[in-house]
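quick check, what structure comes out for this input:
(chains A and B)
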Protein chains: 2
Amino acid sequence: MTGPTTSQPVHPAHSRVLVDGPPGPDGTPVRVPVTRVALTNGETFDRYTTAGPGSDPEVGLPPLRAAWIAARGDTEEYAGRAARLSDDGRAAVRRGEASAAWRGERRTPRRALPGRRVTQLHYARAGVVTPEMRYVAAREGCDVELVRSEVAAGRAIIPLNVNHPEAEPMIIGRRFLVKVNANIGNSAVTSSIAEEVDKLTHAVTWGADTVMDLSTGDDIHTTREWILRNAPVPIGTVPIYQALEKVDGEADRLTWEVFRDTVVEQCEQGVDYMTVHAGVLLRHVPLTAERVTGIVSRGGSIMAGWCLAHHRENFLFEHYDELCAILASYDVSISLGDGLRPGSVADANDAAQLAELRTLADLTTRAWEHDVQVMVEGPGHVPLDLVEENVRLQQEWCHGAPFYTLGPLATDVAPGYDHITSAIGAATIAMHGTAMLCYVTPKEHLGLPDRDDVKTGVITYKLSAHAADVAKGHPGARAWDDALSTARFEFRWRDQFALSLDPVTAEAFHDETLPAEAAKTAHFCSMCGPKFCSMRISQDVRDRFGSGTEGASAGEAEAGMRAKAAEFLELGGTVYVDGGASSVGSP
Amino acid sequence: MTGPTTSQPVHPAHSRVLVDGPPGPDGTPVRVPVTRVALTNGETFDRYTTAGPGSDPEVGLPPLRAAWIAARGDTEEYAGRAARLSDDGRAAVRRGEASAAWRGERRTPRRALPGRRVTQLHYARAGVVTPEMRYVAAREGCDVELVRSEVAAGRAIIPLNVNHPEAEPMIIGRRFLVKVNANIGNSAVTSSIAEEVDKLTHAVTWGADTVMDLSTGDDIHTTREWILRNAPVPIGTVPIYQALEKVDGEADRLTWEVFRDTVVEQCEQGVDYMTVHAGVLLRHVPLTAERVTGIVSRGGSIMAGWCLAHHRENFLFEHYDELCAILASYDVSISLGDGLRPGSVADANDAAQLAELRTLADLTTRAWEHDVQVMVEGPGHVPLDLVEENVRLQQEWCHGAPFYTLGPLATDVAPGYDHITSAIGAATIAMHGTAMLCYVTPKEHLGLPDRDDVKTGVITYKLSAHAADVAKGHPGARAWDDALSTARFEFRWRDQFALSLDPVTAEAFHDETLPAEAAKTAHFCSMCGPKFCSMRISQDVRDRFGSGTEGASAGEAEAGMRAKAAEFLELGGTVYVDGGASSVGSP
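Modelled structure (predicted):
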């Protein structure tokens, strides 16, 4: 049973269709979106996809999961925290309003009934298979028991706040497809709400699996509202950024109470996972003194500054259990921030980084005691020879909790190309077991990414993630490569474009030199021209051998080849029957 | 002793200067170019560089090595092969002239005196340290004996034709900096001589260590003449392409005689290394029958077609010793083409590829018997988990001869981004011992690269090569990262740009959001804005600790920290003194 959705595919040969997943207890299957690629040879190829975006930004997405959440009967609606103008920062207070108030539906917030735990980890541990788990299994093409057991073991998370029913369930764990997060969000210097919603749409269109709203400028609350209501993917945040705004940017005035208030505000809005820098301990800070680049995590540096100013232990660490109890009520996942990650290859895998990782391992276990889902963040900048150690130690120390890394960048020398230097590290670390990659855009270290940078970052990271899936031998991953390469070898240019990660760019590059329609079926391209197309020649060779030599002895093959050689000369004596084709590289 | 050269640096803080290398027997040092980066703190940083291009294309470069070659007294000038219009293809014959005849100086060709061997391998084996070796040692910052011994062992090559005296010596070997080759050249469908010379200049400007002219269209001979006379880097070719033109593109009419004539023509012009597909044997061809993408090397497919048509063994294999004898007379290096490399991840490390590699190992040894320098070409398309095996087998089987790989691409699904998919494989294979990487541009599989694609390909591969140098712990490699990261941490924006692999792009990206001059010294950028700059905060933390805690006990450190905390609050109680700075990623 399939049917179209309202979202916009990126290529005419693409359609978004819903396919049936595993049936629930009542026999009704979950239905999950795929991107179906129609090939010119009559076949189709289905790709993992997020159905959204397809929303009118002013209205938002429909609440896909609302009925599932309600049916469990373990949550309640409640009045919620009263909104304050200061939630949108000092500029909003001055103006008396946010820049572009959200005018779509406002749902009453929902939380766990007293004494109930409503996290996917709780259900999984109890042996309950939720619709979310069935949805995920259908998307991943795996058994639903694999999903349940990996979530139950803490080796995978399904980040889904009960107040973000618009989100399509997805899973982050090393046994599943490697995921990609895209960071968006304004800063004090640049950007508007509309631009951020546009970046969200663009990120999801090109394949981002989650999006983090890292806004630090004006209108933080309202920007997030627009993003959440239009987000078909889980949304992550770093609540300390907004908390800092609430104390006028003076880090030493931060308190647990201000932070808690911000966390509750964001839980009620629907944030699915939150980065918490609870592992930056007072005793770790001196370990950064001799580094080349000190502390490069915003949250890490804020908490280090606070610890220093007060000479007290990090309040996020001290109130960690209280924090977990709050998050458990909404099924908000924790992303344990690596506030002391290396910001240069010189600082990789140093004492500060590893001391914090030890603390993050303890915090992982403590979150699990509250049935809170956890992933652990990782670097940063790491030379290639030290990459594997990062994921090995994290997996060992943190009991297999999903690893979520920023790159890492394999060298510091290429600002402007840091999507590439980090894609190298990202593919490598994902191959060794990182579950989700946080993208890096070409603007890293230089400025705030615009929508084009967002696309470049997402595409670059999707290819890194897929390269890792292929290297891991993930079931079915290579089928995509094989489909595209077969299309290439058979000169099905339109199919090669349609199967590309970015069909728009692939087709545009081809058409720069050979724009004519005829070139879409030609047995060559401008790279080698008609006579030097290796694939064309190779096909001739194959035609003359056939596949009949498979399993033949060397003698038989040679005899067959001799016969074929004679026949070949008879047929015209040249391998260039009507031109050449797309070669993989030269010479 | 240093002095300026005439070439054009890419940034105002860059200058090309000549620095003294090891002295020769007469006490005169060789002088090698470096790019000297002048930093705003008064320091300088020298980067490996090629002095050229700095030539007037109509005139060409001065013959840097002419005196060294002459001084050895083991070569002679001779009349040389008579030029023919057909050297420039059928179109030139029709027109009666090449499109843009070379009007600069034409030197008389030079070759070894009868009975003499004039290759760097011959000299190295004889214990002779040449000026070329001293030049290379100075560029690499290593001992000249390392250069001589690695060349003598066949583990490194210095590709330098006696007829290309314009080239600055460089070395390809796993003990040295990883090198990058850029492919240029026209095809039957597009491009002109002027465009190709422009691509050469662009490639060298951005750091290409060698350039291959893979032209397959009109004016092959003349295009190559312009390129060679303006090339300060070794030039490689694939002679079979031109040989095929000489037989009107009919592969079955190819003969050893036509090929030999082409090789001599190119040896006399000054080509420094030639790709020869002598490892595509008759018995290997059936091994490709079941592949997803057959044979994707142009040269490989041409030779496979020839073998099939004639049912005879590859004439390049049969006449290999005669070929080596010719190449030895000019010190032209062989690049053993991997005609059966995989063109899709499905075909990686298969029987066809490995059978050919076994043959290339034998051909390596046979070339060494002629004192001919050899490198071995490698793939292609390889999933990340199979990359290391490629270089391990090649190094074992080919007795450590330098490996020269095209990428490899880690996935097939991203046409339009194949510079990135291949940079991932390239950095990985180089870390494991590949000596030179052949770049892949964004146009791979889609069309002929233009000058912008050439730059993107070179920059992408330079960063991959450098990432590998850092991962290998190559002496001095990380100093560049450290210099840039230190500049970043100290908010020396201009230095960060100047030290970048591509200063132009880095500065342009920064200026897109903060173009004002003041932003060049600001302690933040648009990415995080002034308040959220982790590096700024981190510097405050450091200022208050100082470096005095190094080696202090935990107790001492804590006491010091307590004192600092008090002082910090006294000084204003906020870490945001005057803003933030460039953070390495978020959150």
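
just the helices in the stretch 401-550 of chain A please.
A:418-431, A:451-471, A:477-489, A:493-499, A:503-513, A:534-545 (DSSP state H, counting those that start in this stretch).

same question, the stretch 251-400 of chain A
According to DSSP H, counting those that start in this stretch, the helices that the stretch 251-400 of chain A contains are A:256-269, A:298-310, A:315-318, A:320-330, A:351-369, A:387-397.

which element is residue A:36 on?
Element membership of residue A:36 [criterion: DSSP states H and E] is strand A:29-38.

tell me the strands beside that strand, with direction?
strand A:14-23 (antiparallel), strand A:44-48 (antiparallel) (DSSP bridges).

which of the helices of the stretch 251-400 of chain A is buried the deepest?
helix A:298-310 (a mean of 27; mean count of other CB atoms under 10 Å in any protein chain shown). (Each C-beta comes from the backbone N, C-alpha and C, glycine too.)

could I have the CA atoms of that one written out in CSV?
Presented in CSV, the C-alpha positions along helix A:298-310 are these (Å, rounded to 0.1, in the frame of the first residue of the first chain):
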residue,chain,number,x,y,z
ARG,A,298,31.4,27.1,23.4
GLY,A,299,29.5,25.2,26.1
GLY,A,300,32.8,23.8,27.4
SER,A,301,34.4,27.2,27.7
ILE,A,302,31.4,28.8,29.3
MET,A,303,31.3,26.1,32.0
ALA,A,304,35.1,26.2,32.5
GLY,A,305,34.8,29.9,33.0
TRP,A,306,32.0,29.5,35.5
CYS,A,307,33.9,26.8,37.5
LEU,A,308,36.9,29.1,37.6
ALA,A,309,34.9,32.2,38.6
HIS,A,310,33.1,30.4,41.4
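
which strands and helices sit next to it?
helix A:239-246, helix B:534-545, helix B:554-570 (3 or more CB pairs under 8 Å, 6 or more residues apart in numbering or on different chains; DSSP states H and E).

just want the angle from it to helix A:239-246.
Calculated by axes from the mean of the first three to the mean of the last three CA atoms, to 10 degrees, helix A:298-310 forms an angle of 60 degrees with helix A:239-246.

by mean pLDDT, flag the weakest helix or strand of chain A.
helix A:554-570 (a mean of 53; mean pLDDT, DSSP states H and E).

count of neighbours near the residue of the stretch 1-150 of chain A found nearest chain B?
Proximity of the stretch 1-150 of chain A to chain B (CB to the nearest CB) peaks at residue A:47, 9.6 Å away. Neighbour count for residue A:47, taken as other CB atoms under 10 Å in any protein chain shown: 15.

just list the residues touching the most centrally placed residue in chain A, thanks.
By CA atoms, centre = their mean, chain A has its centre lying nearest to residue A:180, at 1.9 Å. Residues in contact with residue A:180 (CB atoms under 8 Å, 6 or more residues apart in numbering or on different chains) are A:207, A:208, A:209, A:210, A:436, A:437, A:438, A:439, A:458, A:461, A:462, A:465.

the fourth one contacts residue A:184, doesn't it?
What that stands for is residue A:210. No. Counting by CB atoms under 8 Å, residue A:210 stays clear of residue A:184, with 11.2 Å between them.

chain B contacts on the stretch 151-300 of chain A?
With the criterion set to CB under 8 Å from any CB of the partner chain, the stretch 151-300 of chain A comes near chain B through A:183, A:185, A:187-190, A:212, A:214, A:216-217, A:238, A:241, A:244, A:249-252, A:275, A:282-283, A:285-286, A:288-290, A:292-300.

try it again with 7 Å
A:183, A:187-190, A:212, A:214, A:216-217, A:238, A:241, A:249-252, A:275, A:283, A:285-286, A:289-290, A:292-300 (CB under 7 Å from any CB of the partner chain).

among these, which are located in strands?
A:183, A:212, A:275 (DSSP state E).

out of those residues, which comes closest to residue B:309?
residue A:183 (57.0 Å; CB to CB).

so what's the closest one closest to, chain neighbours aside?
Distance criterion CB to CB, 6 or more residues apart in numbering or on different chains; nearest residue to residue A:183, sequence neighbours excluded, is residue A:212 at 4.9 Å.

check what pLDDT that neighbour gets.
Looking at residue A:212, its pLDDT reads 97.

cool, and the one 4 residues further on?
According to the prediction, residue A:216 has pLDDT 85.

how close does residue A:112 sit to residue A:372?
12 Å (CB to CB, to the nearest Å).

between these two, tell me which one has more neighbours.
residue A:372 (26 against 19).

for the more buried one, list the residues it contacts.
Contact analysis of residue A:372 by CB atoms under 7 Å, 6 or more residues apart in numbering or on different chains lists A:119, A:121, A:324, A:327, A:328, A:334.

my read: the first one touches residue A:373, true?
Translated: residue A:119. Yes. Using CB atoms under 7 Å, residue A:119 is in contact with residue A:373, at 5.9 Å.
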